[in-house]
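K.L.:
Next input, structure requested:
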Amino acid sequence: MAHRFNPIHRVVLAVGAVLQRFGLVDHDRTAEAAELSWPRIVTGIARMSKNAVDVAMVGVALGSLAIAGVGFASPFWGLAFSLGGGIAAGSIALVSQRFGADAYDDIGAPIRHSVTLVLVGTVPLTLFFAAVPETLIGFLTDDPTVLAYGSDYLRVVAFGIPFAALNLIGSRVYIGVDDAWTPMVLRATGAIVNIGLNAVFIFGLDMGVVGAALGTVLSNAVITVAFFVGLTVRRIPGTRPFPAPVSVRGRYTDRETLSDLVSIGLPVIGRNSVWTVARFPMLAIVGLFGPTVVAAYVIARRIWGLLNTPGWGFGLAASSLVGQELGADDEDTAAAYGREITLLAIGTYAIGGVLTALFAERIVRLFVDSSADPSIPVAVGLVYVACVAVIPQAVKATVAGALDATGDTRWPFYSQVLGMFVVGLPLAYLGATTALGIWGLYLSFFAEAAIPAVINYYRFTTGKWRAISREYRPNAAKADD
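P.N.:
You can find the predicted model right below:
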């Protein structure tokens, strides 16, 4: 099969082989995790590369002020992923448990109800952001050029928010039934289409940041249509058949199903929103350093997104495999999957961190059109910090995925709040207002990953999630928390 020659799959298997030599993981579980995670890592690389290319294209065409403008608009776009990702956590938990229990006919209900929740949550945001982008971006910057770029970008990209959120549902649902290949094909193809559209709109039609936004909207709409066809018809060319077709005529407002999705997903929405919401004051704080540091910070964040792509695979693999074992009432094996996939993630993240650190300056220079751009050294320093922070990020992302499958989603939310609002933002502010300087940003970057990593892992080791998961399992009696 083609995936056997995929370098990412081979790297993950190689990391697993090293861990097996020390008796830290089971061969079969490692192989299964690698099989499920690598397509999602490829998807993450494709999508984060798309985001990085967006910024690079804008930077080459319009300069660092345009990069800053897009950066200020990005937190608003990120709300799609906060809402969609939270609801999708409920989707993968319910779908994977039903799949593990062979209850295929019950899979459609959580999917339909996830769509309901996504549309109710994102359509009002779209209309609001499109109506008053200048006001919203104006809260973050008073630079007229940066404000104009950010407002133009947000006014258009807002219409892609519902599509982006729906695509998260589609992706998680497939992974919940042990199919990471289909969402990889669809979303990676969408990312390639996005890059192509951006090249045409930005350079061919000279549409600037509006072209970048329009390419994002159209590509996300295409992916949404593809997921719809795959789930309802069961298969589209190049993908695998879904276990059972999802009927569009079923119920969309069953109180119990909505309640389960909300109870699992709401803390995840909160957890995702911590970073999204924190980006507003964070960008305002970074703005105190000046537009050069803002541009550097945006560049470093795009590179961090690429570094963090293994978390897309390992976190969702943990959600799917832990959820399936819980659906089969095998709590011990579920715990083993959570532990071992976390170790696999640490090894894989470490390789990415080392390679990125070796080529940090060359990578940063891809985002600007001048080797003398003052943002380069600042961005390089932030990238080095990111290369260290990937280790706790591996723990944070993977354990959070495992806890999502159990329904125990509150502690990862609490840990994210603590890491960002109690520690991360104050450190950044101290850097902007005291002699701590740029080191405040360095420490903030590291703290937002390290603190949640410690808390999430502690929560998983307590085993409290075992009782919580029994409340969400199919055909099982409700258990007290």
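K.L.:
And for residue 209, the neighbour number?
P.N.:
The number of residues packed near residue 209 is 29, by other C-beta atoms under 10 Å. For glycine as for every other residue, the C-beta is placed from the backbone atoms N, C-alpha and C.
K.L.:
Can you tell me the closest non-neighbouring residue to it?
P.N.:
Distance criterion C-beta to C-beta, 6 or more residues apart in numbering; nearest residue to residue 209, sequence neighbours excluded, is residue 153 at 4.3 Å.
K.L.:
go on, residue 241?
P.N.:
That would be residue 235: by C-beta to C-beta, 6+ apart, it lies 4.2 Å from residue 241.
K.L.:
So for the helix or strand the residue nearest to residue 209 falls within, what gets flagged as buried?
P.N.:
Assigned by DSSP states H and E, residue 153 falls within helix 144-157. For helix 144-157, the neighbour count (16 or more other C-beta atoms under 10 Å) marks 146, 147, 148, 149, 150, 151, 152, 153, 154, 155, 156, 157 as buried.
K.L.:
right, and out of the residues you listed, which lies closest to residue 286?
P.N.:
Closest approach to residue 286 among the buried residues of helix 144-157 (C-beta to C-beta): residue 146, at 12.3 Å.
K.L.:
That closest one contacts residue 72, correct?
P.N.:
Yes: at 6.7 Å, residue 146 counts as touching residue 72 under the criterion of C-beta atoms under 8 Å.
K.L.:
which ones are touching residue 56?
P.N.:
Shown in contact with residue 56 (C-beta atoms under 8 Å, 6 or more residues apart in numbering): 366, 367.
K.L.:
Check what pLDDT the most centrally placed residue in the chain gets.
P.N.:
The residue lying closest to the centre of the chain (C-alpha atoms, centre = their mean) is residue 312, at 6.3 Å. pLDDT, residue 312: 75.
K.L.:
With residue 448 instead?
P.N.:
pLDDT recorded at residue 448 is 90.
K.L.:
got a list of what it touches?
P.N.:
Going by C-beta under 8 Å, 6+ apart, the list of residues near residue 448 reads 275, 389, 419, 420, 423, 424.
K.L.:
try 6 Å
P.N.:
419, 420, 424 (C-beta atoms under 6 Å, 6 or more residues apart in numbering).
K.L.:
wait, residue 455 sits on residue 415?
P.N.:
Yes: between residue 455 and residue 415 there is a contact at 3.6 Å, judged by C-beta atoms under 6 Å.
K.L.:
Who has more neighbours out of the two?
P.N.:
residue 415 (24 against 19).
K.L.:
how close does that one sit to residue 449?
P.N.:
Residue 415 sits 10 Å away from residue 449, going by C-beta to C-beta, to the nearest Å.
K.L.:
Tell me how many other residues surround residue 284.
P.N.:
Neighbours around residue 284, by other C-beta under 10 Å: 17.
K.L.:
Let me know the next secondary structure element after the helix or strand where it lies.
P.N.:
Using DSSP H and E, the element containing residue 284 is helix 255-287. Going down the chain from helix 255-287, the next helix or strand is helix 291-307, by DSSP H and E.
K.L.:
which residues are in contact with that next one?
P.N.:
48, 51-52, 55, 64, 67-68, 71, 286-287, 352, 356, 367, 374-375, 378-379, 382-383, 386, 390.
K.L.:
so what does the helix or strand following that helix touch, helix or strand wise?
P.N.:
Sequence order places helix 309-327 as the next helix or strand after helix 291-307, per DSSP H and E. Secondary-structure packing of helix 309-327 (3 or more C-beta pairs under 6 Å, 6 or more residues apart in numbering; DSSP states H and E): helix 27-62, helix 64-100, helix 161-176, helix 331-358, helix 375-406.
K.L.:
Need the contact partners of helix 309-327.
P.N.:
Residues outside helix 309-327 that contact it (C-beta under 6 Å, 6+ apart) are 33, 36-37, 40-41, 44-45, 48, 92-93, 96-97, 100-101, 175-176, 333-334, 337-338, 341, 345, 348-349, 397-398, 401-402, 404-405, 469.
K.L.:
likewise stretch 363-377?
P.N.:
Contacts for stretch 363-377 (C-beta under 6 Å, 6+ apart): 56, 59, 60, 64, 292, 295, 296, 299, 379, 380.
K.L.:
Swap in 7 Å and give it another go.
P.N.:
With contacts defined as C-beta atoms under 7 Å, 6 or more residues apart in numbering, stretch 363-377 is touched by 55-56, 59-60, 64, 292, 295-296, 299, 303, 356, 379-380, 383.
K.L.:
got any ranges where the stretch 351-481 of the chain has weak pLDDT?
P.N.:
369-372, 472-481 (pLDDT under 70).
K.L.:
same thing but at 90, please
P.N.:
The stretch 351-481 of the chain contains residues with pLDDT under 90 at 361-378, 401-414, 416-417, 420-421, 463-481.
K.L.:
List the buried residues of the helix or strand harbouring residue 458.
P.N.:
According to DSSP H and E, residue 458 maps onto helix 438-462. Residues of helix 438-462 classed as buried: 438, 440-453, 455-457, 459-460 (neighbour count, 16+ other C-beta under 10 Å).
K.L.:
Also stretch 248-267?
P.N.:
Buried residues in stretch 248-267 (16+ other C-beta under 10 Å): 252, 257, 258, 260, 261, 262, 264, 265, 266, 267.
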